[in-house]
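Visitor: Pasting a predicted model and its sequence here:
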Amino acid sequence: MQLAVLGGANLDLLGRSAGRAVAGDSNPGTVRLACGGVARNVCENLARLGARTTLITALGDDWPGELLRRECAAAGIDVSHILCAAGRTGTYLAAEGGDGELLAAVNDMDILRALTPERLAPLLPVLRAADAVVFDANLPAETVAFLAARCGDRPLFADPVSTIKAPRLRPALPYLRCLKPNRAELRLLSGEDDPERGMEKLLARGAEMVCVSLGAQGACLRGQNGVRAETRPPHLEARDVTGAGDALFAGLIWALLDGRTPAEALRFGTGAALLTLQYSGAVRPDLKIEKIDETIKEYHL
């Protein structure tokens, strides 16, 4: 399985309150640095599952960029097509409550403006040689349109990233094998408060499948021709919620391309997310197909 993954790769600066966070005050807790970014996290998860992955992103000529490149290569990701661009490597700053839920975040991803259609055009042979192309909405809107136009005959998988960036994906909807928004991103893209109506609206606009992550409530998937699936995982105390949605998406992608049914793929993705929730980091280094299948059985997903 050969996959090309495009989008955000950044340095995560994550602060977590030791207890209930008090707004407008300095809260005791822990702060750590880690490699992150939606596309990068998805790419590493896929590599851990045995896929041959190529990451296409932009990094600055600075120490965070070098760290990200080195860590990605160590995880088995092909980093030969990463662009070294002028500017700061992307950074994500997040504050979490004592329960691990996100309180607020700021992302500095301006460097990804360098991933223009002109910069990607020479990489079309790499993209078209892949079994699927995965991308996130950190890419410029014109680059999303370029991918849809030039790679739309390949299976395309997309993550909206945030409500601010999600609209960039609207022109690509008719070309997507699967879109994975969270509840807020689905509401923004569809204009519907009800997830069921929101998914149906995006399917009507051409997406083949829509998978909505619902946090602790699990995930639901709807597809063309009446495809329906959902998971309601057990309540687990999360060590770290960072990266769980990326693990869900990576597991779903891998399983669909492996030939599993949408329902089986959603269970597989949910199993990957549950394992990630129990790890202090965005990607579990011991993520394996067998471990996920065992988790599916253990929790009766």
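Guide: Now that the structure is in, tell me what you want to look at.

Visitor: mind checking how far S80 is from V126?
Guide: 9 Å (Cβ to Cβ, to the nearest Å). To be clear about C-beta, it is placed using only N, CA and C from the backbone, and glycine gets the same treatment.

Visitor: for the stretch 101-250 of the chain, what spans make up the helices?
Guide: For the stretch 101-250 of the chain, the helices defined by DSSP state H, counting those that start in this stretch occupy 117-120, 124-129, 141-151, 183-190, 195-204, 244-257.

Visitor: Can you pull out the low-pLDDT segments for the protein?
Guide: For the chain, no stretch is flagged by pLDDT under 70.

Visitor: Could you list everything the residue nearest to V38 when sequence neighbours are not counted pairs with in the sheet?
Guide: In space, and not counting its chain neighbours, V38 is closest to D136: 4.3 Å by Cβ to Cβ, 6 or more residues apart in numbering. Bridge pairing for D136 (DSSP bridges) gives the partners D159.

Visitor: longest helix of the protein?
Guide: The longest helix of the chain (DSSP state H) is helix 262-277.

Visitor: In that helix, which of the residues would be classed as buried?
Guide: 262, 264-277 (16 or more other Cβ atoms under 10 Å).

Visitor: relative to helix 244-257, how tilted is that helix?
Guide: Interaxial angle of helix 262-277 relative to helix 244-257 (axes from the mean of the first three to the mean of the last three Cα atoms, to 10 degrees): 150 degrees.

Visitor: May I have helix 262-277 exported as CSV, CA atoms only?
Guide: Coordinates of each C-alpha in helix 262-277 appear next as CSV, following Å, rounded to 0.1, in the frame of the first residue of the first chain:
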residue,chain,number,x,y,z
PRO,A,262,-16.9,0.7,5.7
ALA,A,263,-18.4,-0.7,9.0
GLU,A,264,-15.2,-2.8,9.6
ALA,A,265,-13.0,0.2,8.6
LEU,A,266,-14.8,2.4,11.1
ARG,A,267,-14.3,-0.1,13.9
PHE,A,268,-10.6,-0.4,13.0
GLY,A,269,-10.2,3.4,13.0
THR,A,270,-12.0,3.6,16.4
GLY,A,271,-9.7,0.9,17.8
ALA,A,272,-6.7,2.9,16.7
ALA,A,273,-8.2,6.0,18.4
LEU,A,274,-8.8,4.1,21.6
LEU,A,275,-5.2,2.9,21.7
THR,A,276,-4.0,6.5,21.1
LEU,A,277,-6.1,7.9,23.9
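
Visitor: Report all helices and strands that it contacts.
Guide: strand 209-213, strand 219-223, strand 228-231, helix 244-257, helix 289-298 (3 or more Cβ pairs under 8 Å, 6 or more residues apart in numbering; DSSP states H and E).

Visitor: rewinding a little: between S80 and V126, which contacts overlap?
Guide: T54 (Cβ atoms under 8 Å, 6 or more residues apart in numbering).

Visitor: These two: which has the busier surroundings?
Guide: Under the criterion of other Cβ atoms under 10 Å, the comparison of S80 against V126 puts V126 first, with 17 against 10.

Visitor: Show the contacting residues for E294.
Guide: Shown in contact with E294 (Cβ under 8 Å, 6+ apart): no residues.

Visitor: measure it to R284 for me?
Guide: Taking Cβ to Cβ, one finds E294 at 13 Å from R284.

Visitor: and what of R267?
Guide: 18 Å.

Visitor: Likewise for P117?
Guide: Taken as Cβ to Cβ, the span from P117 to R284 is 35 Å.

Visitor: Looking only at neighbour counts, state which of the two leads.
Guide: Using other Cβ under 10 Å, the more surrounded residue of P117 and R284 is R284, with 21 against 15.

Visitor: rewinding a little: didn't the residue nearest to V38 look like it was pressed against F157?
Guide: No. Look at D136 against F157 with Cβ atoms under 8 Å: they stay out of range, at 9.7 Å.

Visitor: Look at these two and report which has more neighbours.
Guide: D136 (31 against 26).

Visitor: gap between the more buried one and S280?
Guide: Counting by Cβ to Cβ - D136 and S280 are separated by 23 Å.

Visitor: for H300, same thing?
Guide: Distance from H300 to S280, by Cβ to Cβ: 26 Å.

Visitor: which of these two has more neighbours?
Guide: Taking neighbours as other Cβ under 10 Å, H300 and S280 compare with S280 leading, 15 against 8.
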